[in-house]
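Asker: Fold the following for me, if possible:
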Amino acid sequence: MTEQQRTIRPGQPWLDTDGKRIQAHGGSIITVDGVFYWYGENKEATTPDSDTWHLGVRCYSSTDLCTWQDLGCIIEPDRDDPDSPLHPQQYADRPHIVYNERTRRFVCWIKVMTKGSMMQRSTVLSAPSILGPYRVERTWLRPLGMDAGDFDLVVDPHDGKAYYYFERVHSELICADLTDDYTDVTGYYSTHFPNGQPPFVREAPSYFYRRGLHYLVTSGTTGYYPNPSEVACARSYHGPWQVLGDPHPDDASRTSYHSQISSVFRHPFKKDLYIALGDRWLPQYTADSSAAVEAFTRHFSPETPDHAAPMPELTEINTSIADYVWLPFRFDRDRPYLDWSDEWSPDSYA
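Answerer: Predicted structure coming up:
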């Protein structure tokens, strides 16, 4: 057992209670019976010389958000079927789990990008417990007949209605109502933030609600290379949304402190603590965002025939050693900001 971590240190390697790197990328936190469960992509074998994209959805538990115990994979990879969306070589990303009080089941959605194409679809699972066992409800789902990229799931705490925010790939952001069991869309949806191409398309939507306002934090589309976040607010789930700008005021590199926010966690036992949970996918990449933005702009430009311009290869990508950047929001009236801190503690909040 390693020494327990008493604070959160953004951008530093984060070890579990066994002294191993935490592997819960692109995920979120859910609170069950007073215990925090942090889950995400298990990238321990996703090295530059490997054809493994993921090894399932891994989960950790904590009572203080600082010290985390490894509970293993709550959704195992399907190693036997190469055509399964959960096969280790399939590009399965960004699990999000919500609890359905009507069905008394935990529902997990996972984005899966088909290898060798831009097609992105969803797999949906459910379980009677946060730790499983999870059964597959739907595979290769194209919600609303659309390719669905990065996403977030939201449940209204008052009426239990659920919403699905997702990137309609390389186009716009969609807010879709979910069915009562949270495993599909109803067909009702709204469209937001239309953009013609990467890197301008908004992805990685992260939702939170505070004092009568709905917020969405999104990133641009530059792959694993970091870019400036953008936050917007609205009076309803379906908007209209008012863009407030980059919430990282001290970030001269315009890279969201070299991270990408995957979700925002509202601490259920603190008065006003909202935490941006970010992945530092490329911990050794310290450049500003300009080179990646320029390369993605050129590659996806309508003036570039068949996207002939090369995709950027600015650094070696090794997500097995990706780190995390967790920071608390500071609010100036209704405007949220993320200030850099080398070390902070949730205990300092009332």
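
Asker: When you work out contacts or count neighbours from here on, use the C-alpha atoms and nothing else.
Answerer: OK.

Asker: What ranges does the stretch 251-350 of the chain have for its helices?
Answerer: 290-300 (DSSP state H, counting those that start in this stretch).

Asker: shaky segments in it?
Answerer: Judged by pLDDT under 70, the stretch 251-350 of the chain has its weakly predicted residues at 307-308.

Asker: at 90 instead, please
Answerer: The stretch 251-350 of the chain contains residues with pLDDT under 90 at 298-314.

Asker: Count the neighbours of residue 275 for me.
Answerer: Look at residue 275: counted by other C-alpha atoms under 10 Å, it has 20 neighbours.

Asker: if I pick the nearest residue to it once chain neighbours are set aside, what's in contact with it?
Answerer: Excluding the flanking residues, the one nearest residue 275 by C-alpha to C-alpha, 6 or more residues apart in numbering is residue 328, at 4.4 Å. The contact partners of residue 328, taken as C-alpha atoms under 8 Å, 6 or more residues apart in numbering, are 273-276, 338-339.

Asker: any idea how far residue 33 is from residue 169?
Answerer: 36 Å (C-alpha to C-alpha, to the nearest Å).

Asker: rewinding a little: keep only those of the contacts of residue 328 that are in strands.
Answerer: Among the contacts of residue 328, the residues falling in strands (DSSP state E) are 274-276, 338.

Asker: I'd like the distance between the spatially most central residue of the chain and residue 347.
Answerer: By C-alpha atoms, centre = their mean, the chain has its centre lying nearest to residue 262, at 2.7 Å. To residue 347, residue 262 is 23 Å away according to C-alpha to C-alpha.

Asker: ditto for residue 103
Answerer: Taking C-alpha to C-alpha, one finds residue 103 at 35 Å from residue 347.

Asker: circling back: out of the ones in strands among the contacts of residue 328, the closest to residue 197 would be?
Answerer: residue 276 (26.0 Å; C-alpha to C-alpha).

Asker: how deep is that closest one tucked in, by neighbour count?
Answerer: For residue 276, using other C-alpha under 10 Å, the count is 23.

Asker: In contact with it, which residues?
Answerer: Counted by C-alpha under 8 Å, 6+ apart, residue 276 has contacts 261-265, 325-329.

Asker: Go again with 6 Å.
Answerer: 264, 326-327 (C-alpha atoms under 6 Å, 6 or more residues apart in numbering).

Asker: Output the residues you listed in CSV, with distance to residue 24 appended to each entry.
Answerer: Output for these, formatted as CSV (distance: C-alpha to C-alpha, whole Å):
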residue, distance to residue 24
264, 15
326, 13
327, 17
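
Asker: Out of those, the closest to residue 177 would be?
Answerer: Distance to residue 177 across the contacts of residue 276 (C-alpha to C-alpha) is lowest for residue 264, with 20.1 Å.

Asker: With adjacent residues omitted, what lies nearest to that closest one?
Answerer: Distances taken as C-alpha to C-alpha, 6+ apart place residue 276 nearest to residue 264, at 4.6 Å, with adjacent residues excluded.

Asker: so what's that neighbour bridging to?
Answerer: residue 264, residue 327 (DSSP bridges).

Asker: show me where pLDDT drops low in the stretch 51-200 of the chain?
Answerer: Residues of the stretch 51-200 of the chain that meet the cut-off, pLDDT under 90, sit at 114-119, 196.

Asker: show me where it has strands.
Answerer: Taking DSSP state E, counting those that start in this stretch, the strands of the stretch 51-200 of the chain run over residues 57-62, 69-75, 91-100, 105-113, 120-127, 135-141, 148-155, 162-168, 172-178, 185-192.

Asker: So for residue 27, which of those strands sits nearest?
Answerer: Closest to residue 27 of the strands of the stretch 51-200 of the chain is strand 91-100 (C-alpha to C-alpha; 5.4 Å).

Asker: quick one on the thing from earlier: hang on, isn't the residue nearest to the centre of the chain packed against residue 278?
Answerer: Yes: taking contacts as C-alpha atoms under 6 Å, residue 262 lies within contact range of residue 278: 5.5 Å.

Asker: Noted, bye for now.
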